[in-house]
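Colleague: got a structure for you, letters missing:
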DNA sequence: CATGAATGAGGGTTCATTCAT
DNA sequence: TATGAATGAACCCTCATTCAT
């Protein structure tokens, strides 16, 4: 029953175990991998529990809901991402350096938070429809503003081509960079740094030699 | 779903209604829009039926299963895409022209088969795990071979930069082009042609002016 | 998941079968008996389904939730009760006659809506805590006002003893009358009419001044 | 609950802590309040533990089960009630005095064992179905016999009206008196004594022949 | 072509209870 | 005495699918 079930109006019932617990982190990592690999909706709490070697009900000792698991996974990544962007913007002033550095660090983030990034890519649209995940949209908007500002400044400074629509260029870069998480293999030959440099090369100079 | 859920193994009863029927196409279009908008797993047959103004059970007069609906949707798009690529390869010989034409027509396909493309982007990985959808993987491989060949030929001919890893370049282009379906608005200011040309511009020449 | 489960924001999803259906009424009667006999919380949807000879999931073709079943059961009874009271107030003007008639018809209602009355007695307090059932409190207040007005008028007219606190008297009567549903046996020797007359006898002999 | 849910049949391990312990009583009082306020089934052991500032598992050091908590609560009240009735019957011989005294002391008991009385009213029917609580039925029967005897004696003596069915009259009184616990507010204006006297007034005025 | 009613498997979640520490 | 983590059974509900009419 939607209504008569939970909302007894008694207390908050925050996540049972403290937010910092060891076990929590382990379980969260497991869940993140499954959500990334198979999809949030399709992954069952029983699968997560199986992966952890416990029963599904036991997960609820640590978490309020399956929902709150993704929530925690995504928030952590988004916070990290936010700090990372802030850092770059503080350190760099040159538009080109800023842009390449944003790309480089995005790839590094992708390497570090691989599952979270995948989940973000795949599930954000679905999750956004629920109030609880409104922050996903806000974060996306913040990131967009950051990139667009850099691109605009570079264009104004004559560093980036004037014939480019910054909005399109932004999407071009964003999609290109972040979608790679879908095939990026952290243990493969093509590590994050290599890919980043290749992407930067194409972005900055295109694929043509100039003599086509 | 016969395969993804029940897997009764009872063999494929042919779809009750003729494959070409009018009503079928309408229902398929409705389903495609919902699958694209909300996701295949999350879209219920009842939602599709609601959209069509009938009851969910009635859908089974037209289709074997929810599964067979996506199947049909994806096959149609993939066939189209195949023909389109064949065409380009027949018409063009110049690597640069081939590449730009592939991009251009991809955008055109995206415009025409918007829902199908979205579904393909979002659900292929999920659907591939079922035998019935093995052709998705095969199609992806075919497309990859096509692009890679073009890129390789261009690189061999000195038209495309030699320092690029063709595999990475391929993925770069593929992701960049096809992911745009997620935000492409067929009724927006930025129509498919405009975006295509901007993408081609970035791809070929990069975003730098050369004086950065 | 509380949030990601239902609220897709698509359409109302009103009770699947029309409100007036035959089968609905049968199922509702079954549910009412169980809710009355065993308690709302303790009665499982499987028990209801078992009683109806179907599977628990099938109940959801007819009803949105277990909650909506009680809702319907209670509303129907409350509406009836409301009409019944209105009728008495329209027909009678003499306080004593009004009061005895209210008692008589309450017993008749109890006979007719036995399960619903029991559910109301037992579960109202629990259900009221949920917004959806706010009308239970409102109905109770309405009924209270009706009785209190009658008692007050009778007291003002010198028909009812002046030393009685009307509020206490009201509760006395209400509890005495309605609680009897807990032991009333519709097929027993003591039928509703007999009990009603006895109760009226006790009540009137008690609250009358002797000169009514 | 060992019996109501698990029924492991493993026999009653004696409660870990001494039956008379201080902490036990505190916990029991807390539990009683919650059981009375929210209902036995609906109250979770976690809620009780929360109220006590400990974890739910810790309750099991003090008590065998949730079941054994109500058990203890109800037994204590029932014992008290039994002694109280015995007392009245020893002290009084006049039917009218006996009856009014029974009412008076019932209200006093209600005041003192408010939560226990509420629980008894609300949950006896549910709990009786479990063997362990068979004594609830026996106690109810004992009480009934007591009242009926008094009523019968009064009727035989010509003190109570002859046209009353003693069984109905008993139920009338019992329900009227005990149900008031549902709205009785120990800190309200209408204290137990006031209500008792009003109830006695109504009752006696009604059931007396006038020549008592 | 469509309805109405059902199936049956599974999903997320709850909760009394256990037990090693 | 209490904690922390888990168990396991049950619960409400969803949904693709079936089928007689």
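Modeller: On my side now, so go ahead. The structure presented is a predicted model; accordingly, all values stated were derived computationally and were not measured.
Colleague: Would you check how far apart residue A:60 and residue B:65 are?
Modeller: Shown here: residue A:60 relative to residue B:65, a distance of 34 Å by CB to CB, to the nearest Å. To be clear about C-beta, it is placed using only N, CA and C from the backbone, and glycine gets the same treatment.
Colleague: my bad, residue A:121
Modeller: Taken as CB to CB, the spacing of residue A:121 relative to residue B:65 amounts to 28 Å.
Colleague: What of residue A:24?
Modeller: With the distance defined as CB to CB, residue A:24 ends up 40 Å from residue B:65.
Colleague: longest helix of chain A?
Modeller: For chain A, the helix with the greatest residue count under DSSP state H is helix A:66-91.
Colleague: what separates that helix from the chain centre, distance-wise?
Modeller: 7 Å (CA atoms, centre = their mean, to the nearest Å).
Colleague: Name the residues of stretch A:87-96 that are buried.
Modeller: Of all the residues in stretch A:87-96, those buried under the rule 16 or more other CB atoms under 10 Å in any protein chain shown are A:88, A:92, A:95-96.
Colleague: and if you look at stretch A:193-210?
Modeller: Per 16+ other CB under 10 Å, stretch A:193-210 contains these buried residues: A:195-209.
Colleague: Among those residues, name the ones in helices.
Modeller: In this view, those that belong to helices under DSSP H are A:195-205.
Colleague: Which ones among these also lie next to chain D?
Modeller: Among those, no residue is within reach of chain D (CB under 8 Å from any CB of the partner chain).
Colleague: Closest one of those residues to residue C:39?
Modeller: Checking those against residue C:39 with CB to CB, the nearest one is residue A:195 at 62.3 Å.
Colleague: residues in contact with that closest one?
Modeller: With contact set as CB atoms under 8 Å, 6 or more residues apart in numbering or on different chains, residue A:195 has these partners: A:107, A:180, A:184, B:168.
Colleague: What strand or helix carries the closest residue to residue A:202 other than its chain neighbours?
Modeller: Spatial nearest neighbour of residue A:202, chain neighbours left out: residue B:172 (5.7 Å); criterion: CB to CB, 6 or more residues apart in numbering or on different chains. In the assignment (DSSP states H and E), residue B:172 maps to helix B:166-179.
Colleague: thinking again about what came up before, tell me which residues in the longest helix of chain A are buried?
Modeller: By neighbour count with 16+ other CB under 10 Å, helix A:66-91 contains the buried residues A:66-74, A:77-78, A:81, A:84-85, A:88.
Colleague: so what does the helix or strand following that helix touch, helix or strand wise?
Modeller: Proceeding N to C from helix A:66-91, the next assigned helix or strand is helix A:95-112, under DSSP H and E. Helices and strands touching helix A:95-112, as assessed by 3 or more CB pairs under 8 Å, 6 or more residues apart in numbering or on different chains; DSSP states H and E, comprise helix A:66-91, helix A:134-156, helix A:166-179, helix A:192-205.
Colleague: I'd like to know which elements the longest one is packed against.
Modeller: Packing partners of helix A:66-91 (3+ CB pairs under 8 Å, 6+ apart): helix A:22-38, helix A:45-52, helix A:95-112, helix A:114-128, helix A:134-156, helix C:2-5.
Colleague: To DNA strand F, which of the ones you listed lies closest?
Modeller: Within the helices and strands packed on helix A:66-91, the stretch nearest DNA strand F is helix A:22-38; the backing value is 4.9 Å (CB to the nearest atom of the strand).
Colleague: and residue A:193, what does it touch?
Modeller: With contacts defined as CB under 8 Å, 6+ apart, the neighbours of residue A:193 are A:104, A:107.
Colleague: ok so, going back, could you dump the helices and strands packed on helix A:66-91 to CSV with distance to residue B:144?
Modeller: Output for these, formatted as CSV (distance: least, CB to CB, whole Å):
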stretch, distance to residue B:144
helix A:22-38, 22
helix A:45-52, 31
helix A:95-112, 22
helix A:114-128, 20
helix A:134-156, 29
helix C:2-5, 35
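Colleague: Of all the residues in stretch A:183-190, which ones are buried?
Modeller: In stretch A:183-190, residues buried by neighbour count (16+ other CB under 10 Å) are A:184, A:190.
Colleague: that older thread, okay, the residue nearest to residue A:202: pLDDT?
Modeller: Model confidence at residue B:172, expressed as pLDDT, equals 88.
Colleague: Report the contact partners of it.
Modeller: Residues in contact with residue B:172 (CB under 8 Å, 6+ apart) are A:176, A:180, A:198-199, A:202.
Colleague: Kindly report the same for residue A:171.
Modeller: Listed by CB under 8 Å, 6+ apart, the contact set of residue A:171 reads B:180, B:183.
Colleague: Next, the contact list for the residue nearest the centre of chain A, please.
Modeller: The centre of chain A sits closest to residue A:117, judged by CA atoms, centre = their mean, with a distance of 3.3 Å. If a contact means CB under 8 Å, 6+ apart, then residue A:117 has A:77, A:109-110, A:178, A:181 as its contacts.
Colleague: excluding its backbone neighbours, what's nearest residue A:34?
Modeller: Using CB to CB, 6+ apart, the nearest residue to residue A:34 is residue A:43, at 4.6 Å.
Colleague: How many neighbouring residues does residue A:178 have?
Modeller: 20 (other CB atoms under 10 Å in any protein chain shown).
Colleague: can you tell me how far it sits from residue A:110?
Modeller: Residue A:178 sits 7 Å away from residue A:110, going by CB to CB.
Colleague: do residue A:42 as well
Modeller: Note on residue A:42: its distance to residue A:110, by CB to CB, is 22 Å.
Colleague: For the two, indicate the residue with more neighbours.
Modeller: Comparing residue A:42 with residue A:110 by other CB under 10 Å, the one with more neighbours is residue A:110, at 24 against 15.
Colleague: Next, the contact list for the more buried one, please.
Modeller: In this structure, residue A:110 makes contact with A:117, A:177-178, A:180-181, A:184, A:192, judged by CB under 8 Å, 6+ apart.
Colleague: go with 6 Å
Modeller: Contacts for residue A:110 (CB atoms under 6 Å, 6 or more residues apart in numbering or on different chains) come out as A:117, A:181.
Colleague: hang on, the earlier thing: rebuild the buried residues of stretch A:87-96 as TSV, extending it with pLDDT and distance to residue C:136.
Modeller: Below are those laid out as TSV (pLDDT from 0 to 100; distance: CB to CB, whole Å):
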residue	pLDDT	distance to residue C:136
A:88	94	59
A:92	80	64
A:95	90	65
A:96	90	68
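Colleague: farthest pair in those residues?
Modeller: For the buried residues of stretch A:87-96, the farthest-apart pair by CB to CB is A:88 and A:96; their separation is 12.6 Å.
Colleague: If you average pLDDT per helix and strand, which one of chain A comes out bottom?
Modeller: Counting by mean pLDDT, DSSP states H and E, chain A has its least confident helix or strand at helix A:2-5, which shows a mean of 59.
Colleague: Distance-wise, check residue A:82 relative to residue A:102.
Modeller: Using CB to CB, residue A:82 is found at 13 Å from residue A:102.
Colleague: quick one: common contacting residues for the two?
Modeller: What both residue A:82 and residue A:102 touch, as defined by CB under 6 Å, 6+ apart, is an empty set.
Colleague: one step back: now the helix holding residue B:172 against helix B:114-128, angle please.
Modeller: Here the directions of helix B:166-179 and helix B:114-128 differ by 130 degrees (axes from the mean of the first three to the mean of the last three CA atoms, to 10 degrees).
Colleague: and the residue of chain A nearest DNA strand F?
Modeller: Minimum separation of chain A from DNA strand F (CB to the nearest atom of the strand) falls at residue A:57, amounting to 2.4 Å.
Colleague: Help me see whether the helix or strand hosting that residue makes contact with DNA strand E, please.
Modeller: Per DSSP H and E, residue A:57 falls inside helix A:56-62. Yes: among the residues of helix A:56-62, A:56-58, A:60 lie within reach of DNA strand E under CB under 7 Å from any atom of the strand.
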